[in-house]
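**Student:** could you work out the structure for the sequence below:
(4 chains)
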2 protein chains.
Amino acid sequence: MNIQAVADRARVSTATVSRTINGSNKVAPKTAERVRRAIEALGYYPNTNARALGSGRSRIYGLIISDITNPFFPELVKSFEDLAVRNGYEVIVANTGYSPERTEICVQRMLERKVDGVAVMTSEMGSHLIDRFHRGQIPMVFLDTGDPSNGISNILIDYTAGVDDAVEHITSLGHTRIAFISGPMELASARTRRQALLSSLKRKGLASDKSLIEIGNHRIDGGRAAMERLLALEELPTAVIASNDLTAIGAIGALHRHNLRVPEDVSVVGFDDIEISAFLHPALTTVRLSRAAIADRAFQALHRSGKREANTPAVEYKIRPELIVRNSTAPVSSKQTGITLLKGAGDRPLHK
Amino acid sequence: MNIQAVADRARVSTATVSRTINGSNKVAPKTAERVRRAIEALGYYPNTNARALGSGRSRIYGLIISDITNPFFPELVKSFEDLAVRNGYEVIVANTGYSPERTEICVQRMLERKVDGVAVMTSEMGSHLIDRFHRGQIPMVFLDTGDPSNGISNILIDYTAGVDDAVEHITSLGHTRIAFISGPMELASARTRRQALLSSLKRKGLASDKSLIEIGNHRIDGGRAAMERLLALEELPTAVIASNDLTAIGAIGALHRHNLRVPEDVSVVGFDDIEISAFLHPALTTVRLSRAAIADRAFQALHRSGKREANTPAVEYKIRPELIVRNSTAPVSSKQTGITLLKGAGDRPLHK
DNA sequence: CTGGGGGTTGTAATCGGTTACAATCCTCAC
DNA sequence: GTGAGGATTGTAACCGATTACAACCCCCAG
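**Tutor:** Predicted coordinates for the structure are as follows:
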C-alpha cells in the first residue's frame, strides 16, 4: 500500500496524490476529491520515512531533558507532545541523566533521526555538542538552561520576579530568620535560583547568613539531609525556602521527624509547583513554574524557525513564575522565635 | 555528507560501507578498517530515514501509555528508553489521556512512523485498533492491560500474589476491619486489583463488607474523597488498602485532616511504590510493581519478535509484585478498635 | 484565428540508504 | 596447473515519497 496504488485508483500521477496530501493549492478541486476518495477507500497513509527522505524534513522534534523521573518534566513533555502532534509532528524525548556521555548519545540520536529542531532543558549541553547541531543545521531552543547571549533561542525564567514574590510573602509574614536549601551547583537553574534568592534577601535588607544556606540535590533525600543539618543549628530558622518542591518535601519530612510542625513551627516554601505539592499535608506554598507555558514557547520558537521565513533570528521569551500560597507558610509567632532542639534530649522541640 | 562520500574516500562501494556499518561479517577486516577510518575522518553518521526506507525497519519502538504525568509511568518510560537506545533503537512515547479518540491518533502515529513494535499500557486499545496494528504487521505487547487469551504477547502482573502479601501483612498485624479504595472501573488494571483483593480477603475468611469498599480514580483527590466517605461510617476501618499509591496518599491526607494518625489510628497500604512513597511521612507501606521489570520484559518481547526467528509466537511473562513494609502500617491496638468520628462534633476522633 | 499565460498535471530525478545477485579474487586440493 | 568453492566486493534495483521542470489544456484578448 503506497502512493502509487492511490495514484492508480484515482487515475492520476503520484505527484498529484502527493500534492493533494500536502495541501498544495495546485490541485483542481475535482481531482483532489477523487484522490481523497481513493485514499479513503484504500485506507492509505503515507510512509513517514519516505516523506522525510524525500522532503528533507522529518517532522520530528527532539526534546532533551535531564531525567523524566523528575516530576517536573512529565508535564513539560506532555504539553510539548500535545502541541507537536496537533501540528503533525512527532516527538523524541531523550534523557541525559545529568551525564555528559549520555548527553552526547542524546545529541547523536537527534542528528541521526534528522529532527527538525531540538528543545534542550539540561545543563550538560556543552558547546561542542551545540556545534554539532549547528553543523547539522538543526534549530535549537534552550529552556531555562541557556545563556541569553549565545545567539540561540532561549526561553528564560524570570527568577528574580518569582523569588521576590516568595521572599516578599515570607517577610510580610514576619519572618526574618530565613534559610535556603539550594540545588546542586552543577545545575544552571539551581545556580540562578540561588543567586536570585541571595539578591532578593539583600534587597530586603536581610543579611544572608552563610550558615542558613544549605545545598541539596533537587531531590527529596537531599532536602531531608539539608534540613537535618539546619536543625542542628543553635537557633533554628523560622522559614525555609527550597530550590524546588522535592527539596521542600524532603525538608518537611525532616521537620516532621523531629516533631516540628509545618507551618506552626517552621514555614516552608518550594519552587516549581509539581502536581503532588497541592495534595501534601500541609499543602505546599510554592512558586509555580508553568510547564505548559515553557513547552508552548519552546514549540513556537522551533516551529517558526521551521518555516524558513526570513531566516529566523533567535527569539527570546521570558516566563514569569507565580507564587501559590497554600498551607505550609504562616505568620511568625512569638513562641516560635528561638525554637531550638534540646541537644542530646531526643527529638522534642524546646521553647527557650 | 552521505554514504557515497565515505565510499569514495575508502575506495569501496556504498554496499561495502553499508555492510561495515551494519556489522555484516562479509567484509574483510582490512577493508572494514579503511571504511571505519573514512567514517571517522568525515564525521559521517547514517541518515536513519533512508535506512528505514531501504531496509523496511525503522528501529523505532512505540510506547503507548495513558498519561506520562501519572508518576507510575516515567520510570517505565525511562527503563524502556534505556534498553531501546542501548540496542540502537529509538522510542516514541504517546499518551492516550484515557481517551479513545486520542488513542486512535496514537495508533495512527505509530503506523505512519512504521515502528518496529509497540508496547501498550493503556486500557483504551480497542480491538479495531489492534487490528490496524495487525494489518500493519506491527508486533505488539500488552503490559498489564492485555487479555491473556488474545494471542498477543502479554506482560502480566501476578496481582493475586501481590495482594495476598498485602492482606497477609495487614491481617498478621491483627486487622480485621479492612477497607479498600479501588481504582476506576474503566481501568483494566483497577478491576483486576479489586478482584484480587476481594478473593484474597475471602480466602482469609474476611467477609467483604460492601460499605468498606470505595471507588477512587487512582489520583490523590479521588483517594482523599473516598477516605472522607469511609470516615463517615459508624465504625471506622482500622486499615485501608488502596489500589495505588496516589490513592493511598490522598487517603492519608484525609485522615490527617481529621487529626487521625497513620499508622497509630489507621494503617494504610498502597500499591505501585512510586518514588515519592518512600519519602512521605509516614513512609508508605506498599506493594512494589517494578517498572524496570515490566519495561525489560516488554522490550524482550518486542525485540525477539523483531528478529524474525521462527515466526515469533506470542510470549507471556508474569511479574510478581513485592510487598515493601514501611511506616504506614502498625499492629492494631485495643484503643483503636471502635474509633469513630463524633458526629457533628468537628474533626476530633472519639474513642468509644 | 492565434498566441500568451494561468492553472493543472505528468515525468522523472532525487533523497540516502539496503540488499539480491553477479562478478571477482584467492586459496588449496588434486 | 587447474578448477572448485568460499570469501569479498561491486552493480544496480529498490524502498516510497517529494519536487523541479516540462507539458498540456483551456480561456480569452488582440
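
**Student:** for the stretch 51-200 of chain A, just list every one of the strands.
**Tutor:** Assigned strands in the stretch 51-200 of chain A, in chain order: A:60-65, A:90-95, A:117-121, A:140-143, A:153-157, A:178-182 (criterion: DSSP state E, counting those that start in this stretch).

**Student:** the second one close to DNA strand D?
**Tutor:** Which is strand A:90-95. No. Counting by Cβ under 7 Å from any atom of the strand, DNA strand D has no neighbours in strand A:90-95; the shortest distance is 14.7 Å. Quick note: C-beta positions are derived from backbone N, CA and C, even for glycine.

**Student:** which bits of chain A sit near DNA strand C?
**Tutor:** Taking Cβ under 7 Å from any atom of the strand as the criterion, chain A approaches DNA strand C at residues A:11-16, A:19, A:25-32, A:50, A:53-54, A:56.

**Student:** hmm, which of those residues are the buried ones?
**Tutor:** Buried members of those, scored by 16 or more other Cβ atoms under 10 Å in any protein chain shown, are A:12, A:16, A:19, A:27, A:31, A:32, A:50, A:53.

**Student:** quick check: the farthest pair among the residues you listed?
**Tutor:** Every pair in these was compared (Cβ to Cβ); the two farthest apart turn out to be A:31 and A:53, at 25.9 Å.

**Student:** among the buried ones among the residues of chain A next to DNA strand C, which are located in strands?
**Tutor:** With strands taken from DSSP state E, there is no overlap with these.

**Student:** once you drop chain neighbours, what's closest to residue A:83?
**Tutor:** The shortest distance from residue A:83 to any residue that is not its chain neighbour, by Cβ to Cβ, 6 or more residues apart in numbering or on different chains, is 4.3 Å, and that residue is residue A:299.

**Student:** and what of residue A:192?
**Tutor:** Closest residue in space to residue A:192, ignoring its immediate chain neighbours: residue A:159 at 5.3 Å, by Cβ to Cβ, 6+ apart.

**Student:** that neighbour contacts residue A:318, correct?
**Tutor:** No. Applying Cβ atoms under 8 Å as the test, residue A:159 and residue A:318 come out as separate, 10.2 Å apart.

**Student:** which of those two has more neighbours?
**Tutor:** Neighbours per residue (other Cβ atoms under 10 Å in any protein chain shown) separate residue A:159 from residue A:318, with residue A:159 holding more: 23 against 12.

**Student:** quick check: residues of the stretch 101-250 of chain A near chain B?
**Tutor:** Taking Cβ under 8 Å from any Cβ of the partner chain as the criterion, the stretch 101-250 of chain A approaches chain B at residues A:105, A:108, A:109, A:111, A:112, A:113, A:114, A:220, A:221, A:224, A:249, A:250.

**Student:** ranges for the strands of the stretch 201-350 of chain A?
**Tutor:** Assigned by DSSP E, counting those that start in this stretch, the stretch 201-350 of chain A shows strands spanning A:213-215, A:239-242, A:267-272, A:285-288, A:316-319, A:322-324, A:339-341, A:349-351.

**Student:** can you pull out the low-pLDDT segments for chain A?
**Tutor:** Residue ranges of chain A with pLDDT under 70: A:306-312, A:337-352.

**Student:** about what we covered before: ok, now which ones touch the residue nearest to residue A:83?
**Tutor:** With contacts defined as Cβ atoms under 8 Å, 6 or more residues apart in numbering or on different chains, the neighbours of residue A:299 are A:61, A:80, A:83, A:84, A:87, A:119.

**Student:** what's the local residue count around the residue lying closest to the fourth one once chain neighbours are set aside?
**Tutor:** It stands for residue A:84. In space, and not counting its chain neighbours, residue A:84 is closest to residue A:91: 4.8 Å by Cβ to Cβ, 6+ apart. Burial of residue A:91 is recorded as 22 neighbouring residues (other Cβ under 10 Å).

**Student:** residue A:91 touches residue A:59, doesn't it?
**Tutor:** No. Here residue A:91 lies out of contact with residue A:59, judged by Cβ under 8 Å, at a distance of 10.3 Å.

**Student:** re earlier: please flag which of the residues of chain A next to DNA strand C sit within helices.
**Tutor:** When the residues of chain A next to DNA strand C are checked against helices (DSSP state H), the matches are A:14, A:15, A:16, A:19, A:29, A:30, A:31, A:32, A:50, A:53, A:54.

**Student:** my read: the third one touches residue A:7, true?
**Tutor:** Yes. Counting by Cβ under 8 Å, residue A:16 sits close enough to residue A:7 to count as a contact (7.1 Å).

**Student:** quick one, helices of the stretch 251-352 of chain A?
**Tutor:** According to DSSP state H, counting those that start in this stretch, the stretch 251-352 of chain A carries its helices in the segments A:291-306.

**Student:** can you check the stretch 51-200 of chain A too?
**Tutor:** Secondary structure of the stretch 51-200 of chain A (DSSP H, counting those that start in this stretch): helices located at A:72-86, A:100-112, A:127-135, A:159-172, A:188-203.

**Student:** now do the last one: which elements does it pack against?
**Tutor:** So that's helix A:188-203. Using 3 or more Cβ pairs under 8 Å, 6 or more residues apart in numbering or on different chains; DSSP states H and E as the contact definition, the elements that helix A:188-203 packs against are helix A:159-172, strand A:178-182.

**Student:** those: which one's closest to DNA strand D?
**Tutor:** Minimum separation from DNA strand D across those (Cβ to the nearest atom of the strand) falls at helix A:159-172, 41.7 Å.

**Student:** what is the burial count for residue A:51?
**Tutor:** Should you count by other Cβ under 10 Å, residue A:51 turns out to have 20 residues around it.

**Student:** what's near enough to touch it?
**Tutor:** Under the criterion of Cβ under 8 Å, 6+ apart, the contact list for residue A:51 reads A:57, A:59.

**Student:** go ahead and confirm residue A:43 touches residue A:6.
**Tutor:** No. Counting by Cβ under 8 Å, residue A:6 is not a contact partner of residue A:43; they are 10.3 Å apart.

**Student:** out of the two, which sits in the busier spot?
**Tutor:** Applying other Cβ under 10 Å to residue A:43 and residue A:6 shows that residue A:6 carries more neighbours, namely 26 against 9.
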